[in-house]
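In: Structure for this input, please:
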Amino acid sequence: MTDWTSGYVADIGYTYGYYAELNPLRARLALLNARLALPRNGTACELGFGQGMSANIHAATSTTKWYGTDFNPSQAGFAQHLAERFSNSPQLFDQSFAEFCARDDLPDFDYIGLHGIWSWISDENRAVIVDFVRRKLKVGGVLYISYNTQPGWAAMVPVRDLLTQHAEVMAQQGSGVVARVDGALAFARKLWESNPAYAKANPHIGERIKAISEQNRHYVAHEYFNRDWVPMSFSEMKDSLASAKIDFACSATYLDHVPNVHMTPEQIAILNELPDPTFRQSVRDFMVNQQFRRDYWIKGPRQLNALEYVEQLRAQRLVMATPRGGVTLEVRGALGNATLAEPIYRPVLDLMSDYKVRSVGEMELALRAHNITLTQLHQAVLVLAEKAAVAPAQEEALITASRKDAAKLNRMLLERARGSGDIAVLASPVLGSGLTMSRFHQLMLLAIIEGKKTPDDWVRYSWAILQAQQQVVVKEGKALETEAENIAELTRYADELQGDRLAMLRALGVI
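Out: All right, here's what the predicted structure looks like:
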């Protein structure tokens, strides 16, 4: 009998995560910083979509035609269930990569994305994906791919092998995945408490084991306990993708475009001396001890000339995506916390705090009195976008076209929040992407949709839903016991929502 899982964890579902990097609109700021021509955006594909949150949100908030596959039928079923609620629904399948990539009814794609899955699949499946990209990615199209990488994972590789070996040979017969994960982690902690020589040589691994032990077990099972688990160096990735005829474009992590938050001046100088782009990326990974890369690749990249770059940058639309009071003037890089230049960042934040969509060109004109150059402005919006303080915004026609679909998907997600807090994202037609939202804020948004006018009304509505299911609010890991405690905490959520945050959500088309 064929093992349809191919060694991949399928006993429990993946988490309901949303990954903004899979959004083609997000690529624009990064590609512009690399002075590369922007791709068209009409068709897109996600390989290994998990529960389908990203694929559905990106379809519901745009006119892009999305396709994708995830071999787990339970996950594909949930993703299809979401897709049934709106008109521009993605075409999602439960096929293996080999089956899906051999289909003859798929269009050519402007964008193909896969998040994390590359590190967890076999060499055979990686070869299938590379061939698919070679055949189906259009010239000028973008591939987004993220993966565990060396050198950041080097010391953890034997520990991960130890965890999976324990789960395989030491777990009680018939025990489930979560029990096997718990047992393996408990053994690793016990081993490290005995202070083995490996722990002395790699002192940071103990903290990593502790951090893994505190993570969601569904995530841990999928991240560490698959049969295949291959952290890959950048040069190995480039060699793997060579036959697909694509070239590395840039990092999808905006903050990577700001070298001085990750590297010292001496390290930057060493990088600038290296003419080979592949070797430069490999050296950089050592400088920052890279653990996970998020990269854009392009089939046939075209360099922008100076005029094209300026014109396209000035046309880029942005909007504030976090309440102004929640944005600090700090950012964390590989070197630790860095303070942002107040004369640049504060005027930008003040300008955008009305939640109006502006082009970079409009921002440049509005900020002229502050003597902020276009280059400084581009870097500022990259940093603020990494902090989720601002985000790329769609053109008005696309916003209008996607409002109904986004509203239908959001209504379904809000109704689901009545019984579960496993989905922490809603769709924004303005952003063309998802926006993080806690369960209790979701319940209060549902109350607003159903006509509840005041924060007290939102609190009573939310508490009634929890009471009906004998649920309570959990604060700082502790379940609140009394009704007064629960009402007080829900009131705090209501206070957070009313005013500026609610104004932002309305401006972004979430409600």
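In: Dihedrals phi and psi, V142?
Out: When read as degrees, to the nearest 10, the backbone of V142 gives phi -110, psi 140.
In: Quick check: it touching P301?
Out: No: counting by CB atoms under 8 Å, V142 does not reach P301; the two are 9.5 Å apart. All C-beta spots, glycine's among them, are computed from the backbone N, C-alpha and C.
In: Find residues that contact each of these two.
Out: Residues touching both V142 and P301 (CB atoms under 8 Å, 6 or more residues apart in numbering): A249.
In: Settle it for me: which of the two has more neighbours?
Out: Using other CB atoms under 10 Å, the more surrounded residue of V142 and P301 is V142, with 29 against 20.
In: Give the buried residues for the helix or strand of the chain with the lowest mean pLDDT.
Out: Here the helix or strand of the chain ranked lowest by mean pLDDT, DSSP states H and E is helix 217-224, holding a mean of 79. Residues of helix 217-224 classed as buried by neighbour count (16 or more other CB atoms under 10 Å): 217-218, 220-224.
In: Closest one of those residues to H262?
Out: Ranked by distance to H262 (CB to CB), the buried residues of helix 217-224 are led by E223 at 23.8 Å.
In: Now for that closest one: which residues touch it?
Out: Neighbour list for E223: 116, 120 [criterion: CB under 8 Å, 6+ apart].
In: Could you report the distance from it to S122?
Out: 17 Å (CB to CB, to the nearest Å).
In: and if you look at T69?
Out: 16 Å.
In: okay, those two: which has more neighbours?
Out: Between T69 and S122, counting by other CB under 10 Å, T69 is the more crowded of the two (23 against 16).
In: Tally up the residues packed near the nearest residue to V139 once chain neighbours are set aside, please.
Out: Using CB to CB, 6 or more residues apart in numbering and skipping the chain neighbours, the partner closest in space to V139 is G300 (4.7 Å). Look at G300: counted by other CB under 10 Å, it has 13 neighbours.
In: Check L143 too.
Out: Neighbour count for L143, taken as other CB under 10 Å: 24.
In: list the helices and strands the lengthiest helix in the chain packs on?
Out: Secondary structure of the chain per DSSP state H: the longest helix is helix 396-416. The contact analysis (3 or more CB pairs under 8 Å, 6 or more residues apart in numbering; DSSP states H and E) places helix 396-416 against helix 53-60, strand 425-428, helix 439-449.
In: 10 Å - rerun?
Out: Identification of packing neighbours for helix 396-416 by 3 or more CB pairs under 10 Å, 6 or more residues apart in numbering; DSSP states H and E yields helix 53-60, helix 73-83, strand 425-428, strand 433-436, helix 439-449.
In: So for S233, which of the ones you listed sits nearest?
Out: helix 53-60 (26.5 Å).
In: okay, the angle between that closest one and helix 73-83?
Out: Helix 53-60 and helix 73-83 meet at an angle of 20 degrees, taking axes from the mean of the first three to the mean of the last three CA atoms, to 10 degrees as the criterion.
In: avg pLDDT for helix 53-60?
Out: Helix 53-60 comes out with an average pLDDT of 98.
In: tell me the angle that helix makes with helix 396-416.
Out: 130 degrees.
In: Which residue ranges make up the domains of this structure?
Out: Domain assignment for the chain, taken from automatic domain parsing, gives 20-151+231-252+286-298, 157-216, 314-392, 398-507.
In: Ok, which of these comes nearest L274?
Out: The nearest among the domains of the chain, by CB to CB, is domain 20-151+231-252+286-298 at 11.6 Å.
In: How is the residue nearest to V139 classified with respect to secondary structure?
Out: Classification of G300 by DSSP: H, G, I helix; E, B strand; the rest coil places it in coil.
In: Need phi/psi at it.
Out: Per degrees, to the nearest 10, the backbone of G300 is at phi 80, psi 60.
In: Please apply the same query to the one 3 residues further on.
Out: Summarising the backbone geometry of Q303 under the convention degrees, to the nearest 10, its torsions are phi -70, psi 140.
In: Hmm, it is touching L36, no?
Out: Yes: if you go by CB atoms under 10 Å, Q303 and L36 touch, sitting 6.6 Å apart.
In: what residues are shared contacts of those two?
Out: Residues touching both Q303 and L36 (CB atoms under 10 Å, 6 or more residues apart in numbering): Y309.
In: Which one's more surrounded, those two?
Out: L36 (22 against 10).
In: And the more buried one, how close does it get to P301?
Out: For L36, the distance to P301 - CB to CB - is 5 Å.
In: can you check V319 too?
Out: Distance, V319 to P301, using CB to CB: 28 Å.
In: do the same with P39
Out: According to CB to CB, P39 and P301 sit 10 Å apart.
In: who touches both of these two?
Out: 31, 140, 142, 249.
In: Give me the residue ranges of the protein where confidence is low.
Out: 1-14 (pLDDT under 70).
In: Name the residue most distant from the centre of it?
Out: Most distant from the centre of the chain: S194, at 37.1 Å, with distances by CA atoms, centre = their mean.
In: list the contacts for that residue?
Out: Per CB under 10 Å, 6+ apart, neighbours of S194: none.
In: thought Y219 was touching V177?
Out: No: the criterion here is CB under 10 Å, and Y219 misses it with V177 at 11.9 Å.
In: out of everything not next to it in sequence, what's closest to L304?
Out: Looking at L304 with CB to CB, 6+ apart, the closest residue is R35, at 4.9 Å.
In: Which residues lie in contact with that neighbour in this structure?
Out: So R35 contacts 250, 301-306, 308-309, 312-313 (CB under 10 Å, 6+ apart).
In: Please apply the same query to N41.
Out: Shown in contact with N41 (CB under 10 Å, 6+ apart): 24-25, 27-28, 62-64, 110-111, 141-142, 398, 432.
In: Same question for L426.
Out: 18, 57, 406, 409-410, 413-414, 417, 434-437, 441-442, 445, 505, 508, 510-511.
In: so R294, which of the three states?
Out: At R294 the chain is in strand, as set by three-state DSSP.
In: so what's it bridging to?
Out: Bridge pairing for R294 (DSSP bridges) gives the partners S146.
In: how far away is L413 from L445?
Out: Distance of L413 to L445, computed by CB to CB: 10 Å.
In: Show me whatever sits in contact with both of those two.
Out: Both L413 and L445 are contacted by 426, 437, under the criterion CB under 10 Å, 6+ apart.
In: how many other residues sit next to Y111?
Out: 27.
In: Would you confirm that it belongs to a strand?
Out: Yes: according to three-state DSSP, Y111 belongs to a strand.
In: Report whether Y461 is found in a helix, as I expect.
Out: Yes: counting by three-state DSSP, Y461 is found in a helix.
In: The closest residue to it other than its chain neighbours - how many residues pack around it?
Out: In space, and not counting its chain neighbours, Y461 is closest to A447: 3.9 Å by CB to CB, 6+ apart. Using other CB under 10 Å, A447 has 24 other residues around it.
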